[in-house]
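[1] Got a predicted model here, sequence first, then my questions.
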Amino acid sequence: MKLFKSLLVAPATLGLLAPMAASANEVTINDFNAAEEIAVTNSRVDGLEARFNDLEAGSFSETTTASFGVDFLVGAVDGASSEATAFSYQMGIGLETSFTGEDALSATIDIGNGAGAAASSDGLNFDSTSDVLTLDGLTYTFPLGGATVMVGDNTDISAVYTGACAYNAFTDYMGNCGTGNSVGVGGNGATAAMSYAFDSGFSLAGGVSSTPTSLLTEQGTDTYGVEAAYTADSYGVAVAYSDNESSTFWGVNGMYAFDFATISAGYESEDPDSTTKSGFFVGLSFPEVGAGSFDIGMGTSANYTSSETEYYTYEASYSYPINDGMTITPGVYIKEGTTDQTGFAVKTSFSF
């Protein structure tokens, strides 16, 4: 497998051709008219240039920042319903404006074609927007007393959570140390959440998310979530609860940093009615392996009841920074199931 702005030039040309019919000692009234036309033309050009300068200076707020991230993926899955090698991409655009220096109005825009086998929900879960720019989140965050409040649409409740997972996941399920329904709880649409950080290292957070057309009504689906966390220099732990009206979840994840590596682990319990399901994750992160970092982990592929057959996912990846804005990450994963799947991919990430 091979891993495979417009300059807007606005030329302005001013030409003035004046016939010189008079001799060196002859001066006519037309000579003065030409000089007057030149002065008028220069005045108009100066005014136009000033207007362009005003437009350029005021077109982008000094308190607004933009960030961009691009991921390219070349990979293959063996053992799925159809074996394939695929190329996928995703791009994220982040815009943030502050009005007081303490608040933030943020918008996230995504685009991607992540429908390939290696980027499917069984793998890296790349953004799939059919090559169309899509608003992924619009939020306003501001301080209230000693707390931080976030309101917005199409964003996760857990965006204000602290969490305690230090593992750099390669596949999507491992991203929250296996606690994606509790510590990594998402949202349904309109979201309001709040967090408070104590000086001692403790933090509390919680929020609610509802479909915008049926906000907190019986016609809509509401998700609630709360989290308590403690973080120190070398260790941390987070406990969270969430309820999406069809299931409740309890989750805990934590990390401990040794001199040579950091261990992360997570456990989640799910109660959909009267049946309890659970799942777990454990992983190791080695921050200095050559010029890059190495992560290896395993966990259940979902939450299972005691009577169900448990399937596991294993993964390993190595991230190598080429420079400050480019990182290459090859990785491999094995996902057990009725048909086992083995996936290998190389992800190239750009940030600017």
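    Received it, and whenever you're ready, just let me know what you need.
[2] Residue 173 - nearest residue in space that isn't next to it in sequence?
    residue 313 (6.3 Å; CB to CB, 6 or more residues apart in numbering). No exception for glycine: its C-beta is placed from N, CA and C like everyone else's.
[3] Which residues belonging to the helix or strand where that neighbour lies are considered buried?
    Under the criterion of DSSP states H and E, residue 313 resides in strand 312-323. Residues of strand 312-323 classed as buried: 313-319 (neighbour count, 16 or more other CB atoms under 10 Å).
[4] who does it touch, helix- and strand-wise?
    Identification of packing neighbours for strand 312-323 by 3 or more CB pairs under 8 Å, 6 or more residues apart in numbering; DSSP states H and E yields strand 292-300, strand 326-335.
[5] could you dump those strands to a markdown table with mean neighbour count and mean pLDDT?
    Output for those, formatted as a markdown table (neighbours: other CB atoms under 10 Å; pLDDT from 0 to 100):
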| stretch | mean neighbour count | mean pLDDT |
| --- | --- | --- |
| strand 292-300 | 20 | 96 |
| strand 326-335 | 19 | 94 |
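[6] can you tell which of the ones you listed is closest to residue 142?
    For residue 142, the closest of the helices and strands packed on strand 312-323 is strand 326-335, at 32.8 Å, according to CB to CB.
[7] The closest one pairs with which strands, parallel or anti?
    Strand 326-335 pairs in its sheet with strand 312-323 (antiparallel), strand 341-351 (antiparallel), by DSSP bridges.
[8] averaging pLDDT over each of the ones you listed, which comes out lowest?
    Set side by side, these give their lowest mean pLDDT on strand 341-351, at a mean of 91.
[9] Can you give me the buried ones in it?
    So, applying 16+ other CB under 10 Å, buried residues of strand 341-351: 341, 343-345, 347-349.
[10] What distance do you get for residue 185 to residue 268?
    11 Å (CB to CB, to the nearest Å).
[11] Name the residues contacting each of these two.
    Counting by CB atoms under 8 Å, 6 or more residues apart in numbering, the residues touching both residue 185 and residue 268 are residue 249.
[12] Can you tell me the closest non-neighbouring residue to residue 350?
    Residue 350 sits nearest to residue 70 (CB to CB, 6+ apart), 4.4 Å away.
[13] Which strands or helices does the helix or strand containing that neighbour pack on?
    Per DSSP H and E, residue 70 falls inside strand 64-78. Contacts defined by 3+ CB pairs under 8 Å, 6+ apart place strand 64-78 against strand 84-97, strand 341-351.
[14] After the first one, which helix or strand is next?
    By that I understand strand 84-97. Following strand 84-97 in sequence, per DSSP H and E, is strand 104-112.
[15] Neighbouring strands of that following strand in the sheet, and parallel or not?
    strand 84-97 (antiparallel), strand 134-144 (antiparallel).
[16] Kindly compare burial across those and name the winner.
    strand 84-97 (a mean of 17; mean count of other CB atoms under 10 Å).
[17] Now do that one and strand 64-78, the angle between them.
    Angle of strand 84-97 versus strand 64-78, following axes from the mean of the first three to the mean of the last three CA atoms, to 10 degrees, is 170 degrees.
[18] Quick check: which ranges of the chain have low pLDDT?
    By pLDDT under 70, the weakly predicted segments of the chain are 1-61, 80-84, 114-123, 212-220, 273-274.
[19] Nearest the middle, which residue of it would you pick?
    residue 92 (6.2 Å; CA atoms, centre = their mean).
[20] who's in contact with that one?
    By CB under 8 Å, 6+ apart, the neighbours of residue 92 are 68-70, 108-110, 127, 136.
[21] now those as TSV including distance to residue 297?
    Listed next are these as TSV, based on distance: CB to CB, whole Å:
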residue	distance to residue 297
68	29
69	23
70	25
108	27
109	31
110	26
127	23
136	26
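[22] which residue packs closest to residue 172, ignoring adjacent ones?
    That would be residue 125: by CB to CB, 6+ apart, it lies 3.6 Å from residue 172.
[23] name the element that neighbour belongs to?
    Counting by DSSP H and E, residue 125 is found in no helix or strand.
[24] Report how many residues lie close to it.
    15 (other CB atoms under 10 Å).
[25] Roughly how far does the residue nearest to residue 202 when sequence neighbours are not counted sit from residue 106?
    Spatially, and ignoring its direct neighbours in sequence, residue 202 is nearest to residue 230 (5.2 Å; CB to CB, 6+ apart). Between residue 230 and residue 106 the computed distance is 27 Å (CB to CB).
[26] Residue 89 now?
    Counting by CB to CB, the gap from residue 89 to residue 106 is 23 Å.
[27] go on, residue 270?
    In terms of CB to CB, residue 270 sits 31 Å off from residue 106.
[28] what's the answer for residue 177, then?
    Residue 177 is 25 Å from residue 106, by CB to CB.
[29] same thing with residue 315?
    Noted for residue 315: a distance of 30 Å to residue 106, by CB to CB.
[30] Same check on residue 175?
    When residue 175 is compared with residue 106 (using CB to CB), they lie 20 Å apart.
[31] Please apply the same query to residue 241.
    Relative to residue 106, and taking CB to CB, residue 241 is found at 26 Å.
[32] for residue 285, same thing?
    28 Å.
[33] what's residue 94 in contact with, if anything?
    Residue 94 neighbours (CB under 8 Å, 6+ apart): 66-69, 106-109.
[34] Good, we can wrap up now.
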